[in-house]
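**Q** Okay, here's the prediction I keep looking at, along with the sequence it came from:
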Amino acid sequence: MSSFSPLLQSAGRRRTTWSEVRTRLEKVANAAVTPLMPADYLDLFHPLRSGAPLRGRIVELVPETKDAATIVLKPGSDWAGHVPGQYLRIGIDVDGVRQWRAYSLTHGPRADGLISITVKAVPGGKVSNHLVHSCPVGSVVHLEQATGEFVLPETLTSDPAGTKLLFVTAGSGVTPVIGMLRNLFPVADEGVVHLDRSRGLDITVVHVAPTRPDSIFLRDLEALDASGSIRLVARYDDQHGLLDVAELATLVPDLAERTTYACGPGGLLDALDAHHAEAGLDLFTEQFRPALVAVGDGGEVSFTSGASVTADGATTLLDAGESAGVLMPSGCRMGVCFGCVVPLREGSVRDLRNGEITTAVPGETAPEGVPIQTCITAAAGPCHIGY
């Protein structure tokens, strides 16, 4: 106590409060560890603590197919929970750049507090391949709270009897649906458990996959079918050809009596939307990639300020912005000083030094955008700069 007495004794002046003492001590601690902060050291030892940026630790990796795996995570203390069918965004550093992607949660709320996602490694997918093939157990990733409206209505759990549902899933589009089904029909050692919240439900699942070995969660779906919990209609492209939505009335004879939930590629969802709209049927859909980013040579460059300009593939974004009257930050103009860094909010740009493409996709990459150096990058298609 003696070492702090000068702070606490009045000596004819106003007595220093403990809050002021703590503030001064924090300043001393911050100065001692500069350029890092004490919170940075806490992150190393307790990254999942309450009050820290939301993170999760990978505790298990479960292979599902040759190119898909379920990733089980222990979320941070401030995780707010989720409703089956919702998704979360995960941020992970790959090659020194933080990438964000959205993945469905594949369980309902678990007693152990863990959460899980299932990731399919897509050709050329930087994040999906890293998560499935290169991310070890124990890794810490960044999380956002669960979100999404692709969920069953709350009234369903209070009065499920007689409710008729159809789930149409394709490829990894089965992931939000399996979360719903696992919540409705939990599996215990003795088999599938039928709870009051699912008693009386009438569910058909039309699941599409390229081949049977490529069918994610097929064992789960077949187990639910065998227990009488659902009726499974499995379709494999190599056996049955591509699904024509006009076939649904044959595959599901009481289609008109069911509410349809569908998740899969945009082409399938567009076809279902047109089919159900013409027939006057209810349809709820989920699609993670609402738009594909076109990569080309040059394109329209727009800025948050409202300015826009069409630039060729050899003109730097710095020059393009200045030609449009945007007062761009800059320094050396050679890619050395990083004085020109601004966020790419949407679209693709090309590094003129090595041809590397950087892409920002709303809903997948970080909300604040991907940092780029405008003095050494050019438009590789339409792009939006957050400046």
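**A** Perfect, I can see it now.

**Q** Retrieve the pLDDT associated with the residue nearest to the spatial centre of the chain.
**A** Closest to where the C-alpha atoms of the chain average out (CA atoms, centre = their mean) is Ala102, at 1.4 Å. pLDDT for Ala102: 85.

**Q** element containing Ala249, please.
**A** If you go by DSSP states H and E, Ala249 is part of helix 248-251.

**Q** can you list contacts of that helix?
**A** With contacts defined as CB atoms under 8 Å, 6 or more residues apart in numbering, helix 248-251 is touched by 168, 206, 233, 255, 275. Any C-beta I mention is one placed from the backbone N, CA and C, and that applies to glycine too.

**Q** Can you give me the buried ones in it?
**A** Leu248 (16 or more other CB atoms under 10 Å).

**Q** For the next helix or strand along the chain from it, what is the distance to the chain centroid?
**A** The first helix or strand that comes after helix 248-251 along the chain, using DSSP H and E, is strand 259-263. For strand 259-263, the separation from the chain centroid amounts to 20 Å (computed by CA atoms, centre = their mean, to the nearest Å).

**Q** Not counting strand 259-263 itself, show me its contacts.
**A** Contacts of strand 259-263 (CB under 8 Å, 6+ apart): 104, 150, 152, 163-170, 173-177, 180, 268-269, 272, 276, 281-287.

**Q** Now restrict those residues to buried residues only.
**A** Applying 16+ other CB under 10 Å to the contacts of strand 259-263 flags 104, 150, 152, 163, 165-170, 173-177, 180, 268-269, 272, 276, 281, 283-287 as buried.

**Q** OK, contacts around the spatially closest residue to Asp214 that is not a sequence neighbour?
**A** Nearest non-adjacent residue to Asp214, counting by CB to CB, 6 or more residues apart in numbering: Thr65, 5.8 Å away. By CB under 8 Å, 6+ apart, the residues touching Thr65 are 120, 213-216.

**Q** quick one: Thr65 from Leu281, how far?
**A** Separation of Thr65 from Leu281 (CB to CB, to the nearest Å): 32 Å.

**Q** One more: Leu73?
**A** 37 Å.

**Q** before we move on, what about Ser198?
**A** 23 Å.

**Q** try Thr315
**A** Taking CB to CB, one finds Thr315 at 50 Å from Leu281.

**Q** Now do the helices in the stretch 201-350 of the chain.
**A** 218-226, 237-240, 248-251, 266-279, 317-323 (DSSP state H, counting those that start in this stretch).

**Q** Walking through the stretch 51-200 of the chain, point out its strands one by one.
**A** Along the stretch 51-200 of the chain, the stretches classed as strands by DSSP state E, counting those that start in this stretch are 55-65, 68-75, 87-94, 97-104, 115-120, 140-143, 164-170, 187-188, 191-192.

**Q** so where's the chain uncertain?
**A** 1-45, 157, 189, 288-295, 363-364 (pLDDT under 70).

**Q** what domains does the record give for it?
**A** What automatic domain parsing lists as the domains of the chain is 2-45, 55-143, 155-286, 299-385.

**Q** wait, what's in contact with Ala234?
**A** Ala234 touches 207, 209, 212, 215, 218, 221, counting by CB under 8 Å, 6+ apart.

**Q** mind listing the helices in the stretch 1-150 of the chain by residue range?
**A** According to DSSP H, counting those that start in this stretch, the stretch 1-150 of the chain carries its helices in the segments 5-8, 18-33, 38-45, 126-129.

**Q** Phe303 bridge partners, please.
**A** Using DSSP bridges, the beta-bridge partners of Phe303 come out as Ile385.

**Q** which non-adjacent residue is nearest Met334?
**A** Cys375 (6.8 Å).

**Q** Can you get me a residue count around that neighbour?
**A** Neighbourhood size, Cys375 [other CB atoms under 10 Å]: 24.

**Q** what sits against the residue lying closest to Gly108 once chain neighbours are set aside?
**A** Of all residues not flanking Gly108 in the chain, Asn183 sits nearest, at 2.8 Å (CB to CB, 6+ apart). For Asn183, the contact set (CB under 8 Å, 6+ apart) comprises 84, 107-109.

**Q** for Thr285, same thing?
**A** 150, 261-263, 269, 272-273.

**Q** just to revisit the earlier point, quick one: the contacts of Thr65 as JSON lines, columns for neighbour count and distance to Pro136 too.
**A** Shown next, in JSON lines, are the contacts of Thr65 (neighbours: other CB atoms under 10 Å; distance: CB to CB, whole Å):
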{"residue": "Lys120", "neighbour count": "21", "distance to Pro136": "19"}
{"residue": "Pro213", "neighbour count": "11", "distance to Pro136": "26"}
{"residue": "Asp214", "neighbour count": "17", "distance to Pro136": "25"}
{"residue": "Ser215", "neighbour count": "23", "distance to Pro136": "27"}
{"residue": "Ile216", "neighbour count": "25", "distance to Pro136": "22"}
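
**Q** Those in strands, which ones?
**A** Within the contacts of Thr65, residues falling in strands by DSSP state E are Lys120.

**Q** quick one: which of the contacts of Thr65 is nearest His384?
**A** Lys120 (28.1 Å; CB to CB).

**Q** Hmm, the closest one is touching Val174, no?
**A** No - contact criterion CB atoms under 8 Å: Lys120 and Val174 do not qualify, at 10.1 Å.

**Q** what touches both of these two?
**A** Shared contacts of Lys120 and Val174 (CB under 8 Å, 6+ apart): Ile216.

**Q** can you pull the buried residues of stretch 202-220?
**A** Buried, per 16+ other CB under 10 Å, within stretch 202-220: 202-209, 214-218, 220.

**Q** Also stretch 133-140?
**A** For stretch 133-140, burial by neighbour count (16+ other CB under 10 Å) applies to 135, 139-140.

**Q** Tell me both backbone torsions, phi and psi, for Ala380.
**A** phi -120, psi 50 (degrees, to the nearest 10).

**Q** What count of nearby residues applies to it?
**A** Ala380: 24 surrounding residues under other CB under 10 Å.
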